[in-house]
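Visitor: Fold the stuff below for me.
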Amino acid sequence: MAFSDPHYPKIVLSFTYRGFRLDLDQSDHDGLPIFSVWANHDQGCAVAVPGVVSRSEAIYKAKQWVDQRLRS
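Guide: Sure, this is the predicted structure:
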């Protein structure tokens with residue numbers, strides 16, 4: 001399967017939270033902004049927030065994701 005139009009991340013904000021570098025990605029879906037957050041740490045990276053419509057919600061959920069990982 002070949003992708004004719006690959007998605008490249010558009011990182012609009014990066015910050016460190018409790019040892020994780022969180023990268024906020026903004027893209028568009030049907031003309032509406034969609035935000036996702038990548039969590040990067042010393043052992044790899046993961047998508048902490050797959051897609052929400054608000055920048056503040058994405059940041060809030062990403063911090064919750066980190067807090068949950070550090071509790072377990």
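Visitor: For whichever strand or helix holds Asn40, give me every contacting residue.
Guide: Assigned by DSSP states H and E, Asn40 belongs to strand 32-41. By C-beta atoms under 8 Å, 6 or more residues apart in numbering, the surrounding residues in contact with strand 32-41 are 9, 19-28, 45-55, 57-59, 61-62, 65-66. Just so you know, the C-beta spots here come from the backbone N, C-alpha and C atoms, and that holds for glycine as well.
Visitor: Buried subset of the residues you listed, written for PyMOL?
Guide: Buried subset of the contacts of strand 32-41, written as a PyMOL selection, criterion 16 or more other C-beta atoms under 10 Å:
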select buried, resi 20+22+23+24+25+48+49+52+58+59+61+62+65+66
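Visitor: Helices - which of the contacts of strand 32-41 land there?
Guide: Among the contacts of strand 32-41, the residues falling in helices (DSSP state H) are 55, 57-59, 61-62, 65-66.
Visitor: Make TSV out of these and add distance to Ser36.
Guide: Output for these, formatted as TSV (distance: C-beta to C-beta, whole Å):
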residue	distance to Ser36
Arg55	11
Glu57	11
Ala58	7
Ile59	11
Lys61	10
Ala62	9
Trp65	12
Val66	15
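Visitor: thinking again about what came up before, sheet-wise, list the partners of the strand holding Asn40 with their directions.
Guide: strand 20-29 (antiparallel), strand 44-52 (antiparallel) (DSSP bridges).
Visitor: would a markdown table of these with distance to Asp5 be doable?
Guide: As requested, the strands paired with strand 32-41 are exported to a markdown table (distance: least, C-beta to C-beta, whole Å):
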| stretch | distance to Asp5 |
| --- | --- |
| strand 20-29 | 12 |
| strand 44-52 | 18 |
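Visitor: Fine by me, we can end here.
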